[in-house]
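Novice: Requesting a structural model of the entry that follows:
(chains A and B)
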Amino acid sequence: MNWKKSSKIKPIGVIGIGSFGAAIANLLAEKNEVLVYARDQGVVDAINEQHMVKNRKLEEKIQATSDPEMLCEVCDIMFPMIPSAAFREVMVQFAPYLHPYHFLIHGTKGLSLNLPKGKNLENIHQIKRENICTMSEVILQETVVERIGCLAGPNLAKELLEDQPGATVIASRYDEVISEGQRLLRSDNFQVYGNSDIVGVELSGVLKNIIAIAAGALSGMGLGDNAKGLLVSRGMVEMIYLGNAMGGETKSFLGLAGIGDLVTTCNSTLSRNYTLGFRLARGETLDDIVSNMEEVAEGINTVKLIKLYLESTDTRAPITENLYKVLFEDFKVETALQYLMKYPIYTDIDFL
Amino acid sequence: MVIFDQPNDILLTDDYIKHQYAPILPKKDEWPVVKLSKSRKEFIQQVVASSRERIKSLTGNQLQALREELELTLYRERMRIKQNPWLVDPEDEAVFWSKVKSALLVIGADQQSLENEKKEKYYEVLSSITLRYAEEIASNFKHSHYKMTRSIVTFGFSRLLNTARVKGFKSVFSNQYSLQDKIQIIGETDQLRELASKGTIVMVPTHFSNLDSILIGWTINTLGLPPFIYGAGLNLFNIQIFAYFMNALGAYKVDRRKKNLVYLETLKTYSREAIQFGCHSLFFPGGTRSRNGNIESKLKLGLLSTAIEAQRANYQNGDKEFGKVFIVPVTINYHFVLEAPSLIHDHLNFTGQERYYHESDEFSTSYKISKFLVKFFTKGSDISVSIGKAMDILGNHVDVEGNSRDKQGRAIDCRDYFLSNGKVTVDLQREEEYTKKLGRRIVEEFHKINRVFSSHLVAFTAFRLIKKANKKLDLFSLLRLPEEDIYLSYETFRAATAEVLECIQKLRQEGKLHMAPHLEMPLEEIIRHGLENVGMYHAKRPLIRNEQGHIVTEDISLLYYYHNRLDGYELEKII
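Specialist: Purely as a prediction, here's the structure:
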């Protein structure tokens, strides 16, 4: 593999090769050379030799490396596809090799905690907005990359890998990032929309995971579609309130990354967050579920951080607050539901 | 990888060191501003040509759009001449615009010419307008005037100063106090001097008073830097004493009445070309003086964007020696702002509304200014000018060599910000985002280098206490309270001041602001000093201690104004 000498066409980088990373790598490989970064040499070898990653088939032209420096040198555009828990660490690791000419387009629907030095969750008395970061904010904090984008929308990895029709939103403050992303990803079966409100789009993807867990829990309790409709609609309102408080624009939540993704995840057994809620309602404990899931359900961490953030604001988010109790305080799902049914809000829509 | 000493704002000292600075470019012929004024004619032609290109791309080179833009410009200019004439306006204005009018009519009625020929005629009209604008904007820098002004300022001011402070017969000739004792320059002065010979400086100060331009002019000179050019409101040229100073300091003229596209583009092109030429420049990024006494939190991005465009153009043109643009934030700290009463009045009247810009304030005549200057130098109110760390056009700090550094101290090549597919490209939307980011960074730096004075402390504390005592009133009702009904017991005031001071000290330790050395005095002293100085020359004092020992205000709006200086630090959570 020698990218440097045949540098006419630069390959597109993909950082992290979980299920979503693999799906995006395959989409990208339809039109481009693709170079994947994976930490684990075994994974790298498996991609280069067998074109497989964890039982998932990758396009043959996709190659892999475990060297961040090399990746940054040969690629101008990279797609970080890493769980939020490891995102900051990976960015720190890549930072020495990143330059302002790089474009980073991430696909991580989670939040990252950023506390001042010497503080941790035990000794800090208040979590402010600046302490919980979306992934684009993490990139800005840890690297010199300015031209950042994010992918969000109903993108269940399994369906993407099967090349079913779908769409995504690419959000960036920079038009050039949006058009690059569209050029790279758009295909006969895949539509790509643009949005300039990157924080709003990121928050849509992040916050919908909370509602997805709740939706899974409703199904787990054997409740029907009326209840689901109620939850999706109230969940939407809650997302918009939280999202506005955290700097997103209302209209972003009404788009593909908001409603589109919410409806998809709240109805899909393919969603990890949905599955988590479902199994909780069936009586399994959080620890048990987490220990035998292949990849993390971002919603767990999101609920935790948003709950902390709520304590320092006037914003109310009843679904999140009750879900927190279920996840971390041994609250019964049934009790939480009763509580929500009694919650004194009687206005349907008051954010438009 | 070079790790230079961590960018650490805490290193910036609070104490001021009196320096003698040698000029960095002793020969005036080397000054960019002198070079520019020598090639004034060519430079203006360059501005006209660039503006034309710019407007061509903004109108999409469409006949229709171009014609509409020209007609709109004509309409607005005729309205301006009719409704808002100024002393400085040239006499032939009406004549010029009627010529434009007939030219436009002729082209419009022309049935014979082809579209391209018509377009060419419209561009000719456009060029005649931009030429006129560029001539008006262009500065009239004359080295002899500059020298003259410089000696007036330094000589005149220090005479006044010494007469007032050194008692006795020989006082007039004493050199015990110089202007530097009165106006303290603190912060990154050495870096600024260093970088001024390595690249082009764009200085961005906070703006509270019309005196700022002269003050900054003096500061630049004291630091041994060649003169900077800067955009000064044309209205200031109405006042002769200012006109004289401004012309000498390399000011170009900005007419806020003219809001048409052609004018704005010509103005921005002028600024951009001057930066590309290597002229150090000065923008007041807040646009106008802060009306409410706050440190600017929203900047006008128009002129700022020219710094970024100039930087990109320098990279496009390749290997320029002084091609890097450095942004240097500066705050000017006062106990007292002469125009405060009219500024806050304006602010409260117009809050939330863009109103017509109306000029009427204490700086309206030369006489009033002279009177103020005498007061200023004979009474003991100090001013300090804080020079911040230099940044590149994206707001990264730069080291002494002028290299941009990221938060970890790694070198950044600024050219990379303008690359796509390995080439420097023009992308105005990208540059617009960069400008917003730079604006946010400047605001952050303003708050960090801002120097808290005793007067800010007492004004802030007192106003917050009054507000707390009247919780149910909104701001406007609060400001309508009769002053004689408001008083604070000294003990309450003292305790609250101590609390706010403690928070300020904490912020200082975190590197979030700076404190004047007089804040290290004992609390009682600080309060006394603050009360003495806050808005000291106003007819109605914002804060005093009355005969009963209570803290009272004679003008609550003024108190609000001075209190606002500490807005934006989340100090309001204390009281």
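Novice: Would you mind extracting the C-alpha trace of stretch A:256-267 into CSV?
Specialist: Output of stretch A:256-267 as CSV, limited to C-alpha atoms (Å, rounded to 0.1, in the frame of the first residue of the first chain):
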residue,chain,number,x,y,z
LEU,A,256,-34.6,14.4,8.9
ALA,A,257,-32.1,14.4,11.7
GLY,A,258,-34.9,15.2,14.2
ILE,A,259,-38.3,13.8,13.5
GLY,A,260,-36.9,11.5,10.8
ASP,A,261,-34.5,9.8,13.1
LEU,A,262,-36.8,9.9,16.1
VAL,A,263,-39.6,8.0,14.3
THR,A,264,-37.2,5.5,12.9
THR,A,265,-35.4,4.7,16.2
CYS,A,266,-38.6,4.6,18.2
ASN,A,267,-40.0,1.8,16.0
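Novice: in that stretch, what's buried?
Specialist: Buried residues in stretch A:256-267, counted by 16 or more other CB atoms under 10 Å in any protein chain shown: A:256-267. The way it works is simple: take the backbone N, C-alpha and C, and place the C-beta from them, glycine included.
Novice: between those residues, which is nearest chain B?
Specialist: residue A:257 (20.4 Å; CB to the nearest CB).
Novice: Kindly indicate whether the closest one is helix, strand or coil.
Specialist: Judged by DSSP: H, G, I helix; E, B strand; the rest coil, the three-state class of residue A:257 is helix.
Novice: and it, how far is that from residue A:151?
Specialist: 9 Å (CB to CB, to the nearest Å).
Novice: Give me the common contacts of those two.
Specialist: residue A:169 (CB atoms under 8 Å, 6 or more residues apart in numbering or on different chains).
Novice: before we move on, back to that, the buried residues of stretch A:256-267: which two are farthest apart?
Specialist: A:257 and A:267 (16.6 Å; CB to CB).
Novice: number of nearby residues for the residue nearest to residue B:564 when sequence neighbours are not counted?
Specialist: Once flanking residues are discounted, residue B:564 sits nearest to residue B:293: 3.8 Å by CB to CB, 6 or more residues apart in numbering or on different chains. Residue B:293 has 23 neighbours, counted by other CB atoms under 10 Å in any protein chain shown.
Novice: I'd assumed residue B:208 was in contact with residue B:293.
Specialist: Yes: using CB atoms under 8 Å, residue B:293 makes contact with residue B:208 at a distance of 7.4 Å.
Novice: shared neighbours, these two?
Specialist: In contact with both residue B:293 and residue B:208: residue B:337, using CB under 8 Å, 6+ apart.
Novice: List the buried residues for the helix or strand hosting residue B:117?
Specialist: According to DSSP states H and E, residue B:117 maps onto helix B:115-137. Residues of helix B:115-137 classed as buried by neighbour count (16+ other CB under 10 Å): B:118-119, B:121-123, B:125-127, B:129-134, B:136-137.
Novice: and which of these is nearest to residue A:158?
Specialist: residue B:119 (57.4 Å).
Novice: Which residue is the nearest non-sequential neighbour of that closest one?
Specialist: residue B:63 (5.2 Å).
Novice: repeat for residue B:310
Specialist: Using CB to CB, 6+ apart, the closest residue to residue B:310 is residue B:275 (3.8 Å).
Novice: What is the neighbour count of the closest residue to chain A within the stretch 101-250 of chain B?
Specialist: Chain A sits closest to residue B:199 of the stretch 101-250 of chain B, with a gap of 17.9 Å, by CB to the nearest CB. Here the number of neighbours of residue B:199 (other CB under 10 Å) works out to 22.
Novice: Mind pulling up the pLDDT for it?
Specialist: Per-residue pLDDT puts residue B:199 at 91.
Novice: do the same with residue B:174
Specialist: pLDDT recorded at residue B:174 is 50.
Novice: ditto for the one 3 residues further on
Specialist: Predicted confidence (pLDDT) for residue B:177: 57.
Novice: Quick check, central residue of chain A?
Specialist: Centroid check for chain A by CA atoms, centre = their mean gives residue A:109 as the closest residue, at 1.4 Å.
Novice: Shouldn't that one be within a strand?
Specialist: No: counting by three-state DSSP, one finds residue A:109 to be coil, located in no strand.
Novice: Would you check that it makes contact with residue A:205?
Specialist: Yes: using CB under 8 Å, residue A:109 is in contact with residue A:205, at 3.7 Å.
Novice: Now the common contact residues for these two.
Specialist: With CB under 8 Å, 6+ apart, residue A:109 and residue A:205 have common neighbours residue A:152.
Novice: I'd say residue B:25 and residue B:278 touch.
Specialist: No: contact criterion CB under 8 Å: residue B:25 and residue B:278 do not qualify, at 11.3 Å.
Novice: which of those two has more neighbours?
Specialist: residue B:278 (19 against 15).
Novice: out of everything not next to it in sequence, what's closest to the more buried one?
Specialist: residue B:32 (4.3 Å).
Novice: Quick one: residues contacting the one you found.
Specialist: Per CB under 8 Å, 6+ apart, neighbours of residue B:32: B:200, B:226, B:277-280.
Novice: swap in residue A:197?
Specialist: Residues near residue A:197 by CB under 8 Å, 6+ apart: A:171, A:248-249, A:251-252.
Novice: Can you report phi and psi for it?
Specialist: phi -90, psi 80 (degrees, to the nearest 10).
Novice: do residue B:326 as well
Specialist: Per-residue torsions, residue B:326: phi -110, psi 130 (degrees, to the nearest 10).
Novice: I figured it was touching residue B:197, is that so?
Specialist: No: applying CB under 8 Å as the test, residue B:326 and residue B:197 come out as separate, 11.3 Å apart.
Novice: So if I had to pick from the two, which one is more boxed in?
Specialist: residue B:326 (25 against 14).
Novice: Specify the beta-bridge partners of the more buried one.
Specialist: On the basis of DSSP bridges, residue B:326 is bridged to residue B:201.
Novice: other SSEs contacting the helix or strand residue A:20 falls within?
Specialist: If you go by DSSP H and E, residue A:20 is part of helix A:19-29. Here helix A:19-29 touches strand A:12-15, strand A:34-37, strand A:62-65, strand A:77-80, helix A:157-161, helix A:175-185, going by 3 or more CB pairs under 8 Å, 6 or more residues apart in numbering or on different chains; DSSP states H and E.
Novice: Residue of the stretch 101-250 of chain A closest to chain B, please.
Specialist: Per CB to the nearest CB, residue A:101 is where the stretch 101-250 of chain A lies closest to chain B, at 4.0 Å.
Novice: Return the distance of that residue relative to residue B:140.
Specialist: Distance from residue A:101 to residue B:140, by CB to CB: 42 Å.
Novice: between those two, who's got more neighbours?
Specialist: Per other CB under 10 Å, whichever of residue A:101 and residue B:140 has more neighbours is residue A:101, with 21 against 15.
Novice: Help me confirm that the more buried one comes into contact with residue B:419.
Specialist: Yes: judged on CB under 8 Å, residue A:101 makes contact with residue B:419 at a distance of 4.0 Å.
Novice: Tell me the residues of chain B that contact chain A?
Specialist: Residues of chain B lying near chain A by CB under 8 Å from any CB of the partner chain: B:1, B:394, B:396, B:406-408, B:410, B:412-414, B:416-417, B:419-422, B:427, B:429-430, B:433-434, B:437.
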